[in-house]
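> next input, structure requested:
(one chain, ligands or ions: 1)
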Amino acid sequence: MKKGISVAIVGGGIGGLAAALSLLRAGVDAHVYEQARTLGEVGAGIQISPNASRILHRLGLAEQLTATGVKPVALHQRRWDDGRTLLRAPLGELVEKTFGAPYYHLHRADLLDALASALPSQNLHLGHRLTTLVDHGDSTEATFENGTRIVSDAVVGADGIHSVVRRLAFGPEHPNFTGCAAYRGLVPAERLAHLNLETTAQIWMGPGKHFVHYFVRGRRLVNFVAVVEQDTWTRESWTDRGDVSDALAAFEGWHPQLSEILRASDETFIWALFDRKPMARWSVGRVTLLGDACHAMLPFMGQGAVQSIEDGANLAACLAGISSAQVDESLNRYERLRLPRASHLQSLSEENKRRFHLPDGPAQSERDEVMASGTTDWSLQAIAWLYAHDAELLSAPGE
Ligand SMILES: Cc1cc2nc3c(=O)[nH]c(=O)nc-3n(C[C@H](O)[C@H](O)[C@H](O)COP(=O)(O)OP(=O)(O)OC[C@H]3O[C@@H](n4cnc5c(N)ncnc54)[C@H](O)[C@@H]3O)c2cc1C
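Numbering: from 1, shown residues only. Purely as a prediction, here's the structure:
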């Protein structure tokens, strides 16, 4: 294989690490520069649908993900007070057989570990906080707070919602508070044994709030995310230790299963949920973006990290075998292929805020009828556009 171009990836989160593995597999000389001195993820769960797990399996992570992950049998959407089933979409073996890759529930640290352990240590540079970036036309130059200067053929900003690469390449623009905050926590499963929880993702929908829970780490932990609407976010930090009692008060009157889960948790964290409007461009010259840096979305489709994994796979396919002179056009191609799909998911995630949080009344009854008829975006045949997608393929509608 022709010697590949060199790419500096700024940010060692799920998106940056997955992109590095995809790029290395495509023969590109990819290096990750992460500001933190150690890699880490928040103590919480993550849902990984087949459109990303097929990529992770190609990267050689199937064994590790199977060992630590949980394969839910269904997605179960329920009514907030009486627990009535609104929709039950099969996952498990049916999804794996239909789409050729499983649906996983993972502890974030387990996913990050799997990615990091597959990355050669010489390609990971910790303690590197990007400060400046110059596009020289025929190369890029990135400078880090520790004084390191890197020259490469391209720079990829995988540095999250507060992306410095994005600011340096496109100018400042603040993320938008979505009017939602999420209590998150993990509960040892044995404390909830009496609830006989199924191995499903349960999404409880009700007025102005919703609650999600599922097993992670080989069913040893139950992950919960309890989302509440609030007008403002006044705390200094966008994540903070939360009070279990506040979460309990917020879900008073909801089905008792939810208060049992909250009460069994030792601690909870509260997160302000920010997103950004879809961007018109992701690439400028030899610099591009991926993941939350360019398409931060509400987590209500479970697709933020999944899309970042798709981004990396597609970027690798676009950059495979090219010369340095072809970087600009290849990054534009990546943007053309990826931007419409990720933007669509940003708006579907936003729309789910309204749909999940409807107050009881005519709109909620109509929503429930549509869900019961199996024609919503969560039913298996309706979700094929999302799960069947192979981000490594270099074609898009009209290309
Ligand atoms: C409550 C909640 C639930 C969610 N559930 C799901 C789910 O089920 N499924 C799903 O797919 N997604 C989910 N998401 C979304 C998902 O967490 C994000 O989309 C994903 O983690 C983004 O990954 P990323 O690599 O793009 O960015 P990040 O994870 O933010 O990583 C960015 C990295 O860049 C580094 N960095 C930042 N600035 C610099 C700099 N100047 N120099 C060097 N390094 C830098 C940071 O330290 C960090 O390591 C959820 C989000 C929330 C809030």
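
> minimum distance to the ligand, which residue of the stretch 101-250 of the chain gives it?
Gly160 (2.6 Å; CB to the nearest ligand atom). For every residue, glycine as well, the C-beta is placed using N, CA and C.

> checking that residue next. Helix, strand or coil?
coil (DSSP: H, G, I helix; E, B strand; the rest coil).

> you'd agree His162 is up against Pro175?
Yes - the pair His162 and Pro175 qualifies as a contact (CB atoms under 8 Å) at a distance of 7.2 Å.

> which of those two has more residues huddled nearby?
Shown here are His162 and Pro175; by other CB atoms under 10 Å, Pro175 has more neighbours (17 against 14).

> and the spatially closest residue to the more buried one that is not a sequence neighbour, backbone torsions?
Nearest non-adjacent residue to Pro175, counting by CB to CB, 6 or more residues apart in numbering: Phe274, 4.0 Å away. With angles defined as degrees, to the nearest 10, Phe274 sits at phi -110, psi 150.

> if we can go back for a sec, would you check how far apart the residue of the stretch 101-250 of the chain closest to the ligand and Gly16 are?
Computed as CB to CB, to the nearest Å, the Gly160 to Gly16 distance reads 9 Å.

> overlap of the contact sets of these two?
With contacts taken as CB atoms under 8 Å, 6 or more residues apart in numbering, Gly160 and Gly16 have Gly291 as neighbours in common.

> the two: who's more crowded?
Between Gly160 and Gly16, Gly16 has the larger neighbour count (other CB under 10 Å), namely 29 against 19.

> so where does that one fall, helix or strand?
According to DSSP states H and E, Gly16 maps onto helix 14-25.

> which outside residues touch that helix?
Applying CB under 8 Å, 6+ apart, the external contacts of helix 14-25 come out as 7, 9-10, 30-32, 34, 39, 41, 46, 55-56, 58-59, 108, 111-112, 115-116, 118-120, 123-124, 156, 158-159, 290-293, 305, 308-309, 311-313, 315-316, 319.

> what does stretch 328-337 give?
Taking CB under 8 Å, 6+ apart as the rule, stretch 328-337 contacts 154, 281-283, 285-288, 311, 314-315, 318-319, 322, 394-396, 399.

> repeat that for stretch 109-129.
With CB under 8 Å, 6+ apart as the criterion, stretch 109-129 contacts 12-14, 17-18, 20-21, 24, 30-41, 43, 46, 48, 56, 59-61, 64-65, 68-69, 144-146, 148, 216-217.

> buried stuff in it?
109-112, 114-116, 118-119, 123-125, 128 (16 or more other CB atoms under 10 Å).

> kindly export it (C-alpha atoms) in CSV.
Output of stretch 109-129 as CSV, limited to C-alpha atoms (Å, rounded to 0.1, in the frame of the first residue of the first chain):
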residue,chain,number,x,y,z
ALA,A,109,-15.3,3.3,30.4
ASP,A,110,-15.4,-0.2,28.9
LEU,A,111,-15.9,1.2,25.4
LEU,A,112,-13.1,3.7,25.9
ASP,A,113,-10.8,0.9,27.2
ALA,A,114,-11.6,-1.3,24.2
LEU,A,115,-10.8,1.6,21.8
ALA,A,116,-7.6,2.7,23.7
SER,A,117,-6.2,-0.8,24.1
ALA,A,118,-6.4,-1.3,20.3
LEU,A,119,-4.5,1.9,19.6
PRO,A,120,-0.7,1.6,19.5
SER,A,121,0.8,3.6,22.3
GLN,A,122,3.0,5.6,20.0
ASN,A,123,-0.1,7.0,18.3
LEU,A,124,-1.6,8.4,21.5
HIS,A,125,-0.2,11.6,23.0
LEU,A,126,-1.7,12.5,26.4
GLY,A,127,-1.2,15.9,28.1
HIS,A,128,-1.4,17.7,24.7
ARG,A,129,-3.9,20.7,24.8
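
> roughly how far out does that stretch sit from the chain middle?
Its chain's C-alpha centre and that of stretch 109-129 lie 17 Å apart, by CA atoms, centre = their mean, to the nearest Å.

> what's the average pLDDT for it?
On average, the pLDDT along stretch 109-129 is 98.

> is it positioned near the ligand?
Yes - for stretch 109-129, a contact with the ligand is found by CB under 6 Å from any ligand atom, at 128-129.
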